[in-house]
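Enquirer: how would this look folded up:
(one chain, ligands or ions: 1)
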Amino acid sequence: MALRCLPNWVCPQTTHRSPLVGLAEFDSKRRRFCLWECSSSASQRAVTAIEGEIPYGRELKKSSEEMGLTQETRSVAFHRDLSMLPKPLTASNLYSSDGDDSKVQISFQGIPGAYSETAALKAYPNCETVPCEQFEAAFQAVELWLVDKAVLPIENSIGGSIHRNYDLLLRHRLHIVQEVQLPVNHCLLGVPGVKKEEIKCVLSHPQALDQCVNSLNNLGIQRVSAKDTATAAQTVSSSGKRDVGAIASVRAANIYGLDILAENIQDDANNVTRFLILAREPMIPRTDRPYKTSIVFSLEEGPGVLFKALAVFALRSINLSKIESRPQRRRPLRVVDGSNHGSAKYFDYLFYIDFEASMAEIRAQHALGHLQEFASFIRILGCYPMDLVR
Ligand SMILES: O=C(O)C(=O)C[C@]1(C(=O)O)C=C[C@@H](O)C=C1
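Expert: Below is the predicted model:
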């Protein structure tokens, strides 16, 4: 059972917004949840509990308050509830892996057979994967304690950065606790018995189509976007059409009963997608193995500020493995009125950097302290072990 605080929780029966502290318990194995409203006033020491079932898949967007609306309410004595209060964390709770990952639930965007699911299984071979329609739902599932972690593709060695997912990292308050480098071998799939030459068009995720653009042009095959590679395979399987194929994994072919007409059809044999595993709590940084730290920051205006910002890492021999910039949505333009010829307009950017050091290292702490001199905003997205195994 996991517990979290719900201040300002609204009682579904009375619609009374409690000034008290609420607690929620989620039993993710049995998919049950229980919301506890605890009174802080001495005269009213009752605890109200609302129990219900955690919905599957696409209903993950519902908030816990909404779920409580349809559920039975009952009161229990306060003293009986003391045993239910959160226990203090122990050191072993703070490190992610206790060897048994069969209880870990990981949300991913897509349906079974998607590469994101394979990435989750690479990180936690015995985990339970929870499919979600959109990335937003995969994030919310973690935020609502419906699952433990979410997996997110962030960049690909052929297609580059997945920009929308950088934006999601900032919009949500989850922490990167792990990275997964997954070799992606795209296959051309078709309904049983079909020949490669019969395929006139293929369905797949836009990133997967981009990674195979030359091969598909050579074969004269049209490209059509699908939500994810596994949904493409499922659509082809249920359509039964001989001239429509899918680009997806061997695993997706097995799940949806399709023939593999060609393997490794990506334009570069070394096709690797990097995924991030996200959790509610950050990982406590250590120095027992190579670590990476991901940060996002914005800079004050001025000549050479980005140069100075990057120098804080170079000065301490900290290697940067990734830099990405994204427009600041809330403040897209900065207007500087310093001349007689009108005001200058600059686009305002956020910079995302991955550097190869642990936040437990003094040089990393000093580098971020130094960066604060030029940055108007800094957030540490996570410090996590580097994935060195392919
Ligand atoms: O469609 C899938 O199977 C996904 O997991 C998505 C995704 C992506 O978003 O880049 C992941 C890995 C591959 O590079 C292609 C597609």
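Enquirer: Could you check the pLDDT of S376?
Expert: Per-residue confidence (pLDDT) for S376: 89.
Enquirer: How about A357?
Expert: So A357 comes in at 98 (pLDDT).
Enquirer: And for it, the neighbour number?
Expert: When neighbours are counted by other CB atoms under 10 Å, A357 registers 23. For glycine as for every other residue, the C-beta is placed from the backbone atoms N, C-alpha and C.
Enquirer: Contacts only, for the residue lying closest to it once chain neighbours are set aside.
Expert: Using CB to CB, 6 or more residues apart in numbering and skipping residues adjacent in sequence, the residue nearest A357 is A364, 4.1 Å away. Residues in contact with A364 (CB atoms under 8 Å, 6 or more residues apart in numbering) are T293, R316, I318, F355, A357, S358.
Enquirer: restrict the residues you listed to contacts with the ligand.
Expert: Applying CB under 6 Å from any ligand atom, the subset of the contacts of A364 adjacent to the ligand is empty.
Enquirer: In CSV, list those residues along with distance to K308.
Expert: What follows is the contacts of A364, written out as CSV (distance: CB to CB, whole Å):
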residue, distance to K308
T293, 19
R316, 14
I318, 15
F355, 16
A357, 19
S358, 23
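Enquirer: hmm, back to that, could you export the strand or helix carrying the residue nearest to A357 as PDB, keeping only the C-alpha atoms?
Expert: Counting by DSSP states H and E, the element that carries A364 is helix 362-371. Output of helix 362-371 as PDB, limited to C-alpha atoms (Å, rounded to 0.1, in the frame of the first residue of the first chain):
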ATOM      1  CA  ILE A 362      31.200  17.900  -5.400                       C
ATOM      2  CA  ARG A 363      32.200  19.000  -9.000                       C
ATOM      3  CA  ALA A 364      28.500  18.600 -10.100                       C
ATOM      4  CA  GLN A 365      27.200  20.600  -7.200                       C
ATOM      5  CA  HIS A 366      29.800  23.300  -7.800                       C
ATOM      6  CA  ALA A 367      28.900  23.400 -11.500                       C
ATOM      7  CA  LEU A 368      25.200  23.900 -10.800                       C
ATOM      8  CA  GLY A 369      26.000  26.600  -8.200                       C
ATOM      9  CA  HIS A 370      28.100  28.300 -10.800                       C
ATOM     10  CA  LEU A 371      25.300  28.000 -13.400                       C
END
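Enquirer: Now do that helix, average pLDDT.
Expert: Helix 362-371 comes out at a mean pLDDT of 96.
Enquirer: Then stretch 301-318?
Expert: Mean predicted confidence for stretch 301-318 is 93.
Enquirer: May I see the buried residues of that stretch?
Expert: Buried residues in stretch 301-318, counting neighbours by 16 or more other CB atoms under 10 Å, are found at A309, V312, F313, R316, I318.
Enquirer: do stretch 252-259 as well
Expert: Neighbour-count burial for stretch 252-259 [16+ other CB under 10 Å]: A252, A253, I255, Y256, L258, D259.
Enquirer: Output that stretch in PDB with nothing but the alpha carbons.
Expert: This file holds the C-alpha atoms of stretch 252-259, laid out as PDB (Å, rounded to 0.1, in the frame of the first residue of the first chain):
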ATOM      1  CA  ALA A 252       4.300  -7.100 -32.200                       C
ATOM      2  CA  ALA A 253       4.300  -9.600 -35.100                       C
ATOM      3  CA  ASN A 254       4.000 -12.500 -32.600                       C
ATOM      4  CA  ILE A 255       1.300 -10.800 -30.500                       C
ATOM      5  CA  TYR A 256      -0.900  -9.800 -33.500                       C
ATOM      6  CA  GLY A 257      -0.300 -12.900 -35.700                       C
ATOM      7  CA  LEU A 258       1.500 -11.200 -38.600                       C
ATOM      8  CA  ASP A 259       4.200 -12.500 -40.900                       C
END
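Enquirer: Name the residues that touch it?
Expert: With CB under 8 Å, 6+ apart, stretch 252-259 has contacts from 112-114, 187, 189-194, 229-230, 233-234, 236-237, 246, 260.
Enquirer: Mind doing that once more with 7 Å?
Expert: Here stretch 252-259 makes contact (CB atoms under 7 Å, 6 or more residues apart in numbering) with 112-113, 187, 189-192, 194, 229-230, 233-234, 236-237, 246, 260.
Enquirer: That stretch - what's its average pLDDT?
Expert: Mean predicted confidence for stretch 252-259 is 97.
Enquirer: so K200 touches Q222, yeah?
Expert: Yes. Contact criterion CB atoms under 7 Å: K200 and Q222 qualify, at 6.5 Å.
Enquirer: measure G160 to the ligand for me?
Expert: 10 Å (CB to the nearest ligand atom, to the nearest Å).
Enquirer: Can you spell out which residues form a bridge with that residue?
Expert: When assigned by DSSP bridges, G160 has beta-bridge partners N156.
Enquirer: what does Q109 give?
Expert: When assigned by DSSP bridges, Q109 has beta-bridge partners C132.
Enquirer: who in the stretch 151-300 of the chain is up against the ligand?
Expert: Close to the ligand, as judged by CB under 6 Å from any ligand atom, the stretch 151-300 of the chain has residues P153, N156, I162, V184, H205, Q207, A208, D228, T229, A230, T273.
Enquirer: Take the residues you listed and keep only those in helices.
Expert: Judged by DSSP state H, these include Q207, A208, T229, A230 as members of helices.
Enquirer: just checking, the first one touches E155?
Expert: No. Checked against CB under 7 Å, the pair Q207 and E155 is beyond contact range at 10.0 Å.
Enquirer: Common neighbours of those two, please.
Expert: Joint contacts of Q207 and E155 (CB under 7 Å, 6+ apart) are I162.
Enquirer: The stretch 1-150 of the chain against the ligand: which residues are in contact?
Expert: So the stretch 1-150 of the chain meets the ligand at G110, A114, Y115, S116 (CB under 6 Å from any ligand atom).
Enquirer: farthest pair in those?
Expert: The most widely separated members of those, counting by CB to CB, are G110 and Y115 (8.0 Å).
Enquirer: tell me the secondary structure for S215?
Expert: helix (DSSP: H, G, I helix; E, B strand; the rest coil).
Enquirer: Parallel or antiparallel, which strands does the strand ranked longest in the chain pair with?
Expert: Assignment by DSSP state E gives strand 375-385 as the longest strand of the chain. Applying DSSP bridges, strand 375-385 is found paired with strand 291-299 (antiparallel).
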